[in-house]
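Enquirer: build me a structure from this.
(one chain, ligands or ions: 1)
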Amino acid sequence: MLKVIVAGAAGRMGQEVVKAVLAENDLSLVGAVDINNYGEDIGLLAAGKPCGVPVTGNLGRVIEETHADVVVDFTTPDNIRCNLNTVLTHHVHAVVGTTGLSEEDISDINRMAEEAGVGIVIAPNFAIGAVLMMKFAAEAARYLKNVEIIELHHDRKLDAPSGTAIKTAELIKGTRDKYRQGHPDEQEKFLGVRGGEYDGMRIHSIRLPGLVAHQEVIFGGLGQTLTIRHDSISRESFMPGVILAVRRVTDLKGVTYGLEKLLTE
Ligand code: NAD
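Expert: Coordinates of the predicted model:
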């Protein structure tokens, strides 16, 4: 039985992870950490049924008291480095959905995780459809080099662009020839209206209530366009990927970046 702590347990994703972990026979929820909802039974909060695990505020102490195997983190971009330092100091494996980590962060964490002998799975998107959308976009970019990424999220999201948009842009950078697209003389009448620039392509971030997590990758060629779109219409979409990562992470060492690394063909 794998013992699991959820950090950010009272948040939108954290509550969904709590429900998913409670539903699996081979996983045991031993801790729920959040800066909100102290003392509340997390089962009652997330699934309407008590599970005997109260929300507490100190990740390090919960790891020591429960001897957990895995911490699943869905907190905030400004907090994730600190939580991972705690996880690595305690030699516990982690599954990280929190976005906002830079390439340098990930390479630091990889070095520290290898030294500590633990596995850390970091995925900007745990939905299988989103992983496929990124893969197909990278493939299309071999043939259609003009591309814009439009990511759409709920308006409580703190970081922009999304981790998924960054990962998509990185993958496209790896498959298309270096190219600066658009008219060389184009001018923005409103600052930022053409989106953010990454390796010659543009990324646009839309934030609206009612949205969950969506992305379109639009390619343009002579007389044609190709749109690859993924929609997470519910946070349940991320759970099979999160549970897969929880089960696999204890066999890993260092950072595994991207859910696709855990999927077998
Ligand atoms: P949220 O604001 O609903 O939840 C974040 C929770 O973290 C809150 O309950 C907050 O109180 C808690 N928190 C903040 N600081 C903390 C700390 N120091 N210790 C413990 N808890 C703390 O946000 P959300 O929509 O659940 O998203 C959480 C993160 O997950 C974001 O970075 C988001 O971009 C990311 N996300 C990733 C995926 C994916 O598939 N990888 C999918 C959706 C969201």
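Enquirer: where does the residue nearest to Arg235 when sequence neighbours are not counted land on pLDDT?
Expert: Nearest non-adjacent residue to Arg235, counting by C-beta to C-beta, 6 or more residues apart in numbering: Glu16, 4.4 Å away. Every C-beta, even on glycine, is put in place using the N, C-alpha and C of the backbone. Here, the pLDDT recorded for Glu16 equals 98.
Enquirer: now Val255, what's its secondary structure?
Expert: Here Val255 is recorded as strand under DSSP: H, G, I helix; E, B strand; the rest coil.
Enquirer: ok, back up a step: identify the residues contacting the helix or strand hosting the residue nearest to Arg235?
Expert: Glu16 belongs to helix 12-22 when elements are defined using DSSP states H and E. Outside of helix 12-22, the residues within contact range by C-beta atoms under 8 Å, 6 or more residues apart in numbering are 4, 6-9, 27, 29, 32, 34, 42-43, 45-47, 51, 72, 74-75, 97, 156, 235-236, 238-239, 242-243, 246.
Enquirer: before we move on, what about stretch 111-123?
Expert: Residues outside stretch 111-123 that contact it (C-beta under 8 Å, 6+ apart) are 84-85, 87-89, 91-97, 101, 106, 109-110, 241, 245, 248-259, 262.
Enquirer: what residues sit buried inside that stretch?
Expert: Going by neighbour count (16 or more other C-beta atoms under 10 Å), the buried part of stretch 111-123 is Met112, Ala113, Ala116, Val118, Gly119, Ile120, Val121, Ile122, Ala123.
Enquirer: then stretch 90-105?
Expert: For stretch 90-105, the neighbour count (16+ other C-beta under 10 Å) marks His90, Val92, His93, Ala94, Val95, Val96, Gly97, Thr98, Thr99, Gly100, Leu101, Asp105 as buried.
Enquirer: and the third one, how far from Val21?
Expert: Going back to what we said before, that points to His93. 14 Å (C-beta to C-beta, to the nearest Å).
Enquirer: which SS class is Ala9?
Expert: Classification of Ala9 by three-state DSSP places it in coil.
Enquirer: got the contact list for Thr56?
Expert: Per C-beta under 8 Å, 6+ apart, neighbours of Thr56: Gly31, Ala32, Val33, Tyr38, Val62.
Enquirer: least trustworthy position among the buried residues of stretch 90-105, going by pLDDT?
Expert: For these, the least confident entry is Gly100, with 88.
Enquirer: just to check, that residue is in contact with Lys157?
Expert: No - applying C-beta atoms under 8 Å as the test, Gly100 and Lys157 come out as separate, 10.2 Å apart.
Enquirer: can you tell me, leaving aside adjacent residues, what's nearest to whatever residue of the stretch 101-250 of the chain ends up closest to the ligand?
Expert: Among the residues of the stretch 101-250 of the chain, Phe126 lies closest to the ligand, at 3.7 Å counting by C-beta to the nearest ligand atom. Nearest residue to Phe126, sequence neighbours excluded (C-beta to C-beta, 6+ apart): Gly241, at 3.3 Å.
Enquirer: what does Glu186 give?
Expert: Using C-beta to C-beta, 6+ apart, the nearest residue to Glu186 is Arg194, at 7.0 Å.
Enquirer: count of neighbours near that neighbour?
Expert: 14 (other C-beta atoms under 10 Å).
Enquirer: same check on His183?
Expert: Here the number of neighbours of His183 (other C-beta under 10 Å) works out to 6.
Enquirer: confidence score at it?
Expert: Confidence score, pLDDT, at His183: 91.
Enquirer: for it, grab phi and psi.
Expert: phi -80, psi 130 (degrees, to the nearest 10).
Enquirer: same question for Ser232.
Expert: Here Ser232 shows phi and psi, under degrees, to the nearest 10, equal to phi -90, psi 110.
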